[in-house]
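Chemist: make a model of this:
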Amino acid sequence: MEEASLNTEPAADDDADGFEIEGDCAMTEFIGRTGVIQGENPLPPALGMEFESYEDVYYFYNCYAKEQGFGVRVSNTWYRKGKERYRGKLSCSSAGFKKKSEANRPRPETRTGCPAMIKFRLMENKRWRIIEVELEHNHLISPASGKFYKSHKLMGAGTKRALQLDAPEEVQKVRLFRTVVVDAEGNEDVEDDGGESGNKCLRNSQLKLKEGDAQAVQNFFCRLQLMDPNFFYVVDLNEKGCMRNLFWADARSRVAYRYFCDVVAIDTTCLAEEFEVPLVSFTGVNHHGQTILLGCGLLSGESLESYIWLLRAWLTCMLGRPPQAIITDHCGALQAAVIDVFPKASHCLHLSRIMQRFPENLGELHELEAIKIDLSKVVYYFMRPEEFEAAWEEMVQRYELRDHKWIQKFYEDRKRCVPAYLKDTFLAGMFAMQQNETAASFFESYLNKQTPLKEFLDKYDQAVQASHQLEAMADMDSRNSSFILQSRSYFELHLSKLYTNEILKRFKKEVEGMCSCFSTRQMHVDGPVLTYIVKEQVEVEGNRQETRDFEVLYNASEMDVLCICGLFNFKGYLCRHALSVLNQNGLEEIPCQYILRRWRKDTNRSYVLDHRCSDIDTSNPVHRYDHLYRRVIQVVEEGKKSQDRYMTTLEALHDILNKLHIAENQASLPSSD
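Modeler: Purely as a prediction, here's the structure:
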């Protein structure tokens, strides 16, 4: 045998108990010597994660264990004959059972045979890869339990510490918790848009920082952390300890995602167009249809591994809850990463951005303008997949485009970007389904191609605060002012009591559009389903008028209505064609399944990150403080919304203080006995 285990059990028996960490002098010395700091919100271990050393794996799992509330033991370590470690297993400190003791007073059994563990091994690339994971414990764990485990004693008592910078090499060295996520086997052949292997590119990559940028990042993270105790960030370092990728999100973004987690857009424009700031932003839309920020990242490049790392970091930040639909740019590496990290989510591509880049991708063709007109018509005009396919085939033949690479790639991705294929996917108004619509960028007014990183970090707060103010103003406007109804439509009157003003304004256009639907005719009946054809006079190129037919299915027993245009899933409210059918059938109100909670103005939304408090120990002063602090912050958030609420909050707090003082005075009085 060329390989051996220093444990007494055979190497094939992974479940055997080995030595505990307090006996592993090399591990203790490593942690003491390097002085590495505790990771901030460490990612949970997952198959495919890779690390530079055995010690890095231990430190990563120990950070995760401390945050979750359990200790770590080294169950097994296997060595080759040359005493080189090649495989290991780390377990929960409650794994296995102690041997029976013959002592007069044996210590009580504290282990439970807990199965939680990770297994990892040394790969050919000299990196340590996690090959097996079990996250579930068979005993209670709690981060706030206060229990002190031996494996945590060298990690420091503070839960948050500043980044350590080496002054002579500020740009090259930023020491922070290491979580390098590398794709599992099978994806080595996937190439990024530059045609280089993602794995090869990532190993030698790092953020292109200028003098002072690393210090700016430190100051930025420290400032946000002081302002926001629930601020989340992760830093990825390369082999040399240089920053490779960053991700961060504040508490408001994390709470907002709870309310608006149906659709998320990932904007990689800055990275693709080589901005000074290689920003990737996660955005959604709120109840006013406004773009909201759900997290940010800085990446060293458009490699598959960088994108996988970023998406996993974001998913961890959002407590492992993936969105229903994701909209991204047209990037091969990003598309592959989305499939890997969000396999069940509907994945769409920003059609408007693809069409904007049309000239640079087809600029060498002679009939460029004619192709542009025909391509737009084929993409936006046809509502059924079979109609799109026929029109596409005709266009490709006419202009001899069958062998054009960009045209081929667009056709391969048609089911992710052409409206005819996306009508069954809810997109909350974030997908540009018409030719004149564009995709919004959250930092558009604050960031251009030449903006330095330090300047962007300074402007970040301005952009975020401006977004918060716009939402607050829209909330106040929707609560305190009634929308001016110009039509006599029952549908508009109904939704005016429920929806925010901006969404009602958009719905109003559909109500007004009912006037252009001059014919609503029932065609045939299939059981409870009635099929209607609604004729609409629409405006096309050159201000010409054209009549189009829209098929609408209506089920009176279920109150279901479905239009071929798919506007409800694209925008989140019914189209003029569906309204015409409902109107013809005598309905005066919108069926409840078509009134979405995400647009309502009467839903109470608090942007305070409230952790579950079911395990509060009232005898523990720390628990009492944390619980009361979170509740008071909720009161403050509600009290700041208006002057009346502010005064009510002040009076209530004053009453509480008086009651506490009275209770304290009564407790200090001598007993009557």
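Chemist: strands along the stretch 1-150 of the chain, start to end?
Modeler: 3-5, 50-51, 72-80, 85-92, 117-122, 128-134 (DSSP state E, counting those that start in this stretch).
Chemist: quick one, which of the ones you listed is nearest to Val338?
Modeler: Comparing the strands of the stretch 1-150 of the chain by their distance to Val338 (CB to CB), the top pick is strand 50-51, with 20.7 Å. Yep, even glycine has a C-beta here, placed from its N, CA and C like the rest.
Chemist: partners of that closest one, with directions?
Modeler: Within its sheet, and counting by DSSP bridges, strand 50-51 is paired with strand 128-134 (antiparallel).
Chemist: mind listing what's buried along the partner strand?
Modeler: Trp128, Arg129, Ile130, Val133 (16 or more other CB atoms under 10 Å).
Chemist: can you check stretch 631-649 too?
Modeler: Buried-residue list, stretch 631-649, by 16+ other CB under 10 Å: Ile633, Glu638, Gly639, Thr649.
Chemist: where's the dip in pLDDT among the residues you listed?
Modeler: Least confident by pLDDT among the buried residues of stretch 631-649: that is Ile633, with 77.
Chemist: any idea how far it is from Ala251?
Modeler: 10 Å (CB to CB, to the nearest Å).
Chemist: shared neighbours of those two, which are they?
Modeler: Residues touching both Ile633 and Ala251 by CB atoms under 8 Å, 6 or more residues apart in numbering: Val608.
Chemist: so which residues of the stretch 301-450 of the chain form helices?
Modeler: 304-317, 332-341, 351-356, 358-362, 368-381, 385-399, 405-412, 414-417 (DSSP state H, counting those that start in this stretch).
Chemist: which residues does the residue nearest the centre of the chain contact?
Modeler: Nearest residue to the geometric centre of the chain (CA atoms, centre = their mean): Trp314, 4.6 Å. Contact analysis of Trp314 by CB under 8 Å, 6+ apart lists Phe247, Ala249, Phe282, Leu294, Gly295, Gly297.
Chemist: ok, now with 6 Å
Modeler: Phe282, Gly295 (CB atoms under 6 Å, 6 or more residues apart in numbering).
Chemist: and it, how far is that from Ser306?
Modeler: 13 Å.
Chemist: repeat for Pro322
Modeler: 19 Å.
Chemist: same deal with Tyr490?
Modeler: 53 Å.
Chemist: Val418 now?
Modeler: For Val418, the distance to Ser306 - CB to CB - is 28 Å.
Chemist: so between those two, which is more surrounded?
Modeler: Set Val418 next to Ser306 and count neighbours by other CB atoms under 10 Å: Ser306 wins out with 28 against 22.
Chemist: tell me who's in contact with Arg624.
Modeler: Residues counted as contacts of Arg624 (CB under 6 Å, 6+ apart): none.
Chemist: shaky segments in the stretch 101-250 of the chain?
Modeler: 101-110, 144-148, 153-204 (pLDDT under 70).
Chemist: right, I mislabeled it, should have said the chain
Modeler: 1-42, 99-110, 144-148, 153-204, 482-487, 542, 609-623, 625-626, 668-673.
Chemist: show me what counts as buried in the helix ranked longest in the chain.
Modeler: When the chain is parsed with DSSP state H, its longest helix is helix 453-480. Under the neighbour-count criterion of 16+ other CB under 10 Å, helix 453-480 has Leu453, Lys454, Phe456, Leu457, Tyr460, Ala463, Val464, Ser467, Glu471, Ala474, Asp475, Ser478 buried.
Chemist: could I get these as TSV with distance to Leu427?
Modeler: Compiled in TSV, those are given as follows (distance: CB to CB, whole Å):
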residue	distance to Leu427
Leu453	32
Lys454	36
Phe456	29
Leu457	31
Tyr460	27
Ala463	24
Val464	24
Ser467	21
Glu471	21
Ala474	21
Asp475	24
Ser478	23
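Chemist: just the closest of the residues you listed to Pro229, please.
Modeler: Closest to Pro229, out of all of the buried residues of helix 453-480 and judged by CB to CB, is Val464, at 16.8 Å.
Chemist: excluding its backbone neighbours, what's nearest that closest one?
Modeler: Leu293 (6.4 Å; CB to CB, 6 or more residues apart in numbering).
Chemist: coming back round to it: between the strands of the stretch 1-150 of the chain, which one is nearest to Tyr532?
Modeler: Closest approach to Tyr532 among the strands of the stretch 1-150 of the chain (CB to CB): strand 128-134, 53.8 Å.
Chemist: in CSV, list the C-alpha atoms belonging to the closest one.
Modeler: C-alpha atoms of strand 128-134 as CSV (Å, rounded to 0.1, in the frame of the first residue of the first chain):
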residue,chain,number,x,y,z
TRP,A,128,-8.2,20.6,-1.1
ARG,A,129,-11.8,19.9,-2.3
ILE,A,130,-14.8,19.1,-0.2
ILE,A,131,-16.2,15.7,-1.5
GLU,A,132,-18.9,14.9,1.0
VAL,A,133,-21.1,17.1,3.3
GLU,A,134,-23.6,16.4,6.0
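Chemist: and the angle for it with strand 117-122?
Modeler: Put simply, strand 128-134 runs at 160 degrees to strand 117-122, going by axes from the mean of the first three to the mean of the last three CA atoms, to 10 degrees.
Chemist: centre of the chain to strand 128-134, how far?
Modeler: Put simply, strand 128-134 sits 24 Å off its chain's centre (CA atoms, centre = their mean, to the nearest Å).
Chemist: which residues are contacting it?
Modeler: 45, 47, 49-51, 57, 115-123.
Chemist: identify the farthest-apart pair in these.
Modeler: Maximum distance among the contacts of strand 128-134 (CB to CB): 24.9 Å, for Pro115 and Met123.
Chemist: quick one on the thing from earlier: the longest helix of the chain: how far from the chain's middle?
Modeler: Using CA atoms, centre = their mean, the offset of helix 453-480 from its chain centre is 20 Å.
Chemist: could you look up the next helix or strand downstream of it?
Modeler: For helix 453-480, the succeeding helix or strand toward the C-terminus, using DSSP states H and E, is helix 490-496.
Chemist: tell me which other helices or strands the helix or strand just after that following helix touches.
Modeler: The helix or strand immediately downstream of helix 490-496 is helix 501-513, counting by DSSP H and E. Where contact means 3 or more CB pairs under 6 Å, 6 or more residues apart in numbering; DSSP states H and E, helix 501-513 is packed against helix 490-496.
Chemist: now Lys372: how far from Ala272?
Modeler: Counting by CB to CB, the gap from Lys372 to Ala272 is 21 Å.
Chemist: looking at those two, which is more packed in?
Modeler: A count of neighbours by other CB under 10 Å puts Ala272 above the other of Lys372 and Ala272, at 18 against 15.
Chemist: hang on, the earlier thing: Lys509 versus the residue nearest to Val464, what's the distance?
Modeler: Distance from Leu293 to Lys509, by CB to CB: 27 Å.
Chemist: Met473 too?
Modeler: 22 Å.
Chemist: cool, and Ile373?
Modeler: Going from Ile373 to Lys509 by CB to CB gives 26 Å.
Chemist: ditto for Val277
Modeler: In terms of CB to CB, Val277 sits 37 Å off from Lys509.
Chemist: compare neighbour counts for those two and give me the winner.
Modeler: For Val277 versus Lys509, neighbours defined as other CB under 10 Å are more numerous around Val277 (20 against 10).
Chemist: mind listing what the more buried one touches?
Modeler: Cys270, Thr451, Leu453, Phe456.
Chemist: do that again at 10 Å, thanks
Modeler: 213, 270-271, 298, 443, 447-457 (CB atoms under 10 Å, 6 or more residues apart in numbering).
Chemist: now Ser478
Modeler: His287, His288, Tyr499, Thr500, Asn501, Glu502, Ile503, Leu504, Arg600, Lys601, Asp602.
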